[in-house]
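*Asks:* Sequence first, predicted coordinates after that:
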Amino acid sequence: LISDGQQCPLVVVGETGFQVSDEVYTVTIGATVPTGFENTAAEEVQEKIGANAKISKDRGRIYFQITTDKLSQVHHLRSVDNLFVVVEEYDNYQFKDSKEETLEDLQKLASKLPWSDALKVWNMNTTLKKKRGPHRQPQGPRGRGRGKANKVTLETDTMQTETIEADIVETDTVETDTVVTDTVVTDTVETDEVPGQELGAKVLKFRVTCNRAGDKHSFSSNEAARDFGGAVQELFQWKADMTKFDIEVLLNIHNVEMVIGIALTEESLHRRNITHFGPTTLRSTLCYGMLRLCKPQASDVILDPMCGTGAIPLEGAIEWQQAFYLAGDNNDMAVSRTVNNICHIQKKRRDKGSISGLPIDTVQWDLCHLPMRTSSVDIIITDMPFGKRMGSRKNNWDLYPSCLKEMARVTRPGSGKAVILTQDKKCFQKAISRMGGLWRKHHTVWVNVGGLHAGVFLLKRTLGIFGQIAEDSREGKESKPHEEKPGEERKKE
Amino acid sequence: MCICILYLNVLSRISGSQATEVKVSEVEFNPNFVSRMIPKLEWSALVQAADGLGHLQDLPTELIADYEANEDFLRKVHRVLLEVEVLEGCLQCPESGREFPITRGVPNMLLNEEEA
C-alpha cells in the first residue's frame, strides 16, 4: 500500500514487511539539543506537543513520546538541533568483556530489533519533508554549501567524553574516521532528489553513525558502526553510502545505555535563520534557548548591543513577536549582515504568504554609548566576544566592566534582566562581582559552543538607580540563589 | 528604522524634510504589545514624527482615554509605531542639532572621538 506514489520503496529480506497504513500508534522520538539547554527544550516539547520529555544522562539529548499523527509537529520545535525516531533503547545493556564477543553481539542484535514501526515513521517523515518543499541552501561566506552537522566523539579513556558540535559554521572540520562511520560532513541529499522515487527501481542507501561514550567499552565507535552496519546491510539488503544516504541509522552508546534510532533530520536545524554568516554566528537553537531563559513578555524592549549577524534578536522576533527587538553593533559588516539576514527571513515569509514584517530594528552604535534612554530597556541578551575568536582576553578586562555599566544604565531597575553568553567566564564573573549594586547573578547555564565551555549568565537588574549608588556597593545580603535541579549547574572552571 | 525605536532613544526629532525614503510594510498586529507600549512613549513627539513623515493620517493629537479596549485606535498606533519605516534620512539631536544618518533603514549612531 503506497499512499502517494512518491515513497521510497524499501527492499527487505525476510519477514520484515513494510507497509504504510493510516493507523496511529505511539513512538519515542529523540532530539539533540545544545548542551545545557535540555530543560528549556523539554519545556518547549511540553508546551508545543504536550509530551513529557525525559532528559537523557547522555548530555544534549531528550526523549519524548508522540502519536504518529502528530509527527509534523516535531519539526516546529525551535530548541532542537536534530531529531530521530527510536528503534530500541536499553537502559542496562550488558556489553561482553572481549571486543570480539561484544561486536558479535551487536551483529546479532540487528536482526532482533523492532525496525518496523521506526521505519514507517521514517517513511512518513520523508513524505512530510517532500511536501514542505525543497530545503533552502544556506551558503556560508566560504561557500561550503550546507549540512555541516559535525559531531565528533572523542573517545578518551577517562569518564568524560567530549561530543563537540560545530555550531559555528566556519569551524574547521575535525578529522574523523570515514569507515562506516561515527561522523562526518554530510554532503546532503536534496529532499526531492532522494533516489528511489521511481517505483521499485532503486535500493535504499544507508549509513550508520555511532556515538560512544564511556570508559569501560572494549570497542571503538568505528568498530561498532562497522559491524552493526554490516549486519543491517545483510538484513535489509540496503547499500552502504557515506554521503548520499537515504536512511541514517544511529547507534548511541553512553556507558550501559544504548539507543538505536533512525534520523529524521538530514541537516541540522540549528542554522535555520542565518544565511549571512559572520565569524562567530551562534546557532539558532542556542539563541532560542537563551531567549527562553529570559521569557519575553508583551511589549518588552529587548536589546542585543553586540548583535554580530543578528542571530539572537532575529530568533526572538520570529518566535516571541509580542516584544520589540533592537539589534545593534559598531561594526559595518555586522550591521550589514544583520540587515541581510532580516531581509532574507522577511522575504521567505512573504513567499509563503505570511505577513513578512518583524518587530525588529537594526542600529549602528557604540555599546559603551548606547543611544537609549536610561531605564528604557527590559531585557539585554547577547553573546559577548570570546577572547579566542574575537577580540582578546586583554581587551575583555576593560570591555566587560564598561559594557556592564552601560547596559545597567539602560535597563529598567527591578524588573530588567540580562542573558549573557561568554566564554571568558573568569573575566565576566569578576566584572559582575564589582557591580553588585546594579546587577545580581540569578542563574547560570553551562554550555558548549564550538568545543569551548561557555556560560550563559542570567542577571537581574537591582532596584539601584544608575548614578545614584556606587556600582560596586553590595545590597547587603546576596539574594538567594535560584533553586537548581541536580546537574543543571556544573561549574567548569 | 521604525518610529518605535525613536521614543526609546534620546533623540526625538525627525522631520519629513530629513527623510528621503519612507516605506510602509505589514507587521502582524499585536494589541497587547501596542497598549503596553503606549505609556512608554511621549505621545506628542510620536504625533510630530508621524506628521513629519507624512503618515499622521487620522491619528489623534491627544491620547484618548481607555485606549486598551479600542482596537481601531490601537491599529492606528500600531501602524505608526511599527509599519512606517524610514529607509533613508536622518535623526537629529534636539539639543546639539547633530545629525545621525539613516541608510538602508539603519541609523548610524556612532559618535566621533571628540563627542564620546
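*Replies:* Now that the structure is in, tell me what you want to look at.
*Asks:* Run a quick check on A:Val73 versus A:Ile49, I expect a contact.
*Replies:* Actually, residue A:73 is Gln. It isn't Val. Yes. The criterion here is Cβ atoms under 8 Å, and A:Gln73 meets it with A:Ile49 at 5.4 Å. The way it works is simple: take the backbone N, C-alpha and C, and place the C-beta from them, glycine included.
*Asks:* Grab the longest helix from the chain for me.
*Replies:* In the absence of a named chain, this looks at chain A. Looking across chain A with DSSP state H, the single longest helix is helix A:332-351.
*Asks:* You answered for a different chain; I wanted chain B.
*Replies:* helix B:43-52.
*Asks:* Distance from that helix to the middle of the chain?
*Replies:* 7 Å (Cα atoms, centre = their mean, to the nearest Å).
*Asks:* near chain A at all, it?
*Replies:* No. Contact of helix B:43-52 with chain A (Cβ under 8 Å from any Cβ of the partner chain) is absent, the minimum separation being 12.0 Å.
*Asks:* and the following helix or strand past that helix, what other elements does it pack with?
*Replies:* The helix or strand immediately downstream of helix B:43-52 is helix B:71-78, counting by DSSP states H and E. For helix B:71-78, the elements it packs on are helix B:31-37, judged by 3 or more Cβ pairs under 8 Å, 6 or more residues apart in numbering or on different chains; DSSP states H and E.
*Asks:* On the three-state scheme, the closest residue to A:Leu77 other than its chain neighbours is what?
*Replies:* Distances taken as Cβ to Cβ, 6 or more residues apart in numbering or on different chains place A:Glu44 nearest to A:Leu77, at 5.8 Å, with adjacent residues excluded. What DSSP: H, G, I helix; E, B strand; the rest coil gives for A:Glu44 is helix.
*Asks:* quick one: A:Glu44 and A:Ser79 touch, right?
*Replies:* Yes. Counting by Cβ under 8 Å, A:Glu44 touches A:Ser79, with 4.8 Å between them.
*Asks:* just the CA coordinates of the longest strand seen in chain B, formatted as PDB?
*Replies:* In chain B, assigned by DSSP state E, the strand with the most residues is strand B:84-92. C-alpha atoms of strand B:84-92 as PDB (Å, rounded to 0.1, in the frame of the first residue of the first chain):
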ATOM      1  CA  VAL B  84       6.100  53.100   8.900                       C
ATOM      2  CA  GLU B  85       9.900  52.900   8.300                       C
ATOM      3  CA  VAL B  86      12.500  55.400   7.400                       C
ATOM      4  CA  LEU B  87      14.900  53.900   4.900                       C
ATOM      5  CA  GLU B  88      16.900  57.000   4.100                       C
ATOM      6  CA  GLY B  89      17.000  60.100   6.200                       C
ATOM      7  CA  CYS B  90      18.400  61.300   9.400                       C
ATOM      8  CA  LEU B  91      17.800  61.700  13.100                       C
ATOM      9  CA  GLN B  92      18.600  65.000  14.700                       C
END
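*Asks:* hmm, it in reach of chain A?
*Replies:* No. Legend: contact between strand B:84-92 and chain A by Cβ under 8 Å from any Cβ is lacking; minimum distance shown is 8.5 Å.
*Asks:* so A:Thr382 sits in a helix?
*Replies:* No. The assignment for A:Thr382 (three-state DSSP) gives strand, which keeps it out of a helix.
*Asks:* Distance check, it against B:Leu87.
*Replies:* In this view, A:Thr382 and B:Leu87 are 26 Å apart by Cβ to Cβ, to the nearest Å.
*Asks:* Counting neighbours, go ahead and name the busier of the two.
*Replies:* A:Thr382 (24 against 15; other Cβ atoms under 10 Å in any protein chain shown).
*Asks:* Kindly report the residues of chain A close to chain B.
*Replies:* So chain A meets chain B at A:298-299, A:301, A:321-324, A:326, A:330, A:335, A:339, A:355-359, A:361-366, A:369, A:371-373, A:376-377 (Cβ under 8 Å from any Cβ).
*Asks:* so who does residue 37 touch?
*Replies:* You didn't say which chain, so I picked chain A. Shown in contact with A:Phe37 (Cβ atoms under 8 Å, 6 or more residues apart in numbering or on different chains): A:Ser79, A:Thr285, A:Leu286, A:Gly289, A:Arg292, A:Val445, A:Val447.
*Asks:* meant chain B, my bad for not saying
*Replies:* Contacts of B:Met37 by Cβ under 8 Å, 6+ apart are A:Ser299, A:Phe324, B:Cys4, B:Val77, B:Leu81.
*Asks:* ok, and for the longest strand of chain B, which residues are buried?
*Replies:* Going by neighbour count (16 or more other Cβ atoms under 10 Å in any protein chain shown), the buried part of strand B:84-92 is B:Val84, B:Glu85, B:Val86, B:Glu88, B:Gly89, B:Cys90, B:Leu91, B:Gln92.
*Asks:* Out of the residues you listed, the closest to B:Gly105 would be?
*Replies:* When the buried residues of strand B:84-92 are ranked by distance to B:Gly105 (Cβ to Cβ), B:Glu85 comes first, at 6.0 Å.
*Asks:* Would you mind confirming that the closest one is in contact with B:Arg104?
*Replies:* No. Between B:Glu85 and B:Arg104 there is no contact, the gap being 10.6 Å when judged by Cβ under 8 Å.
*Asks:* okay, A:Gln73 and A:Ile49: which has more neighbours?
*Replies:* A:Ile49 (18 against 14).
*Asks:* my guess is the more buried one contacts A:Phe64, does it?
*Replies:* Yes. Counting by Cβ under 8 Å, A:Ile49 does reach A:Phe64; the two are 7.0 Å apart.
*Asks:* any common contacting residues for A:Gln73 and A:Ile49?
*Replies:* Joint contacts of A:Gln73 and A:Ile49 (Cβ under 8 Å, 6+ apart) are A:Ile66.
*Asks:* C-terminal to the lowest-mean-pLDDT helix or strand in chain B, what's the next element?
*Replies:* The weakest-scoring helix or strand in chain B, judged by mean pLDDT, DSSP states H and E, is helix B:3-6 (a mean of 57). Downstream of helix B:3-6, the first helix or strand assigned by DSSP H and E is strand B:21-24.
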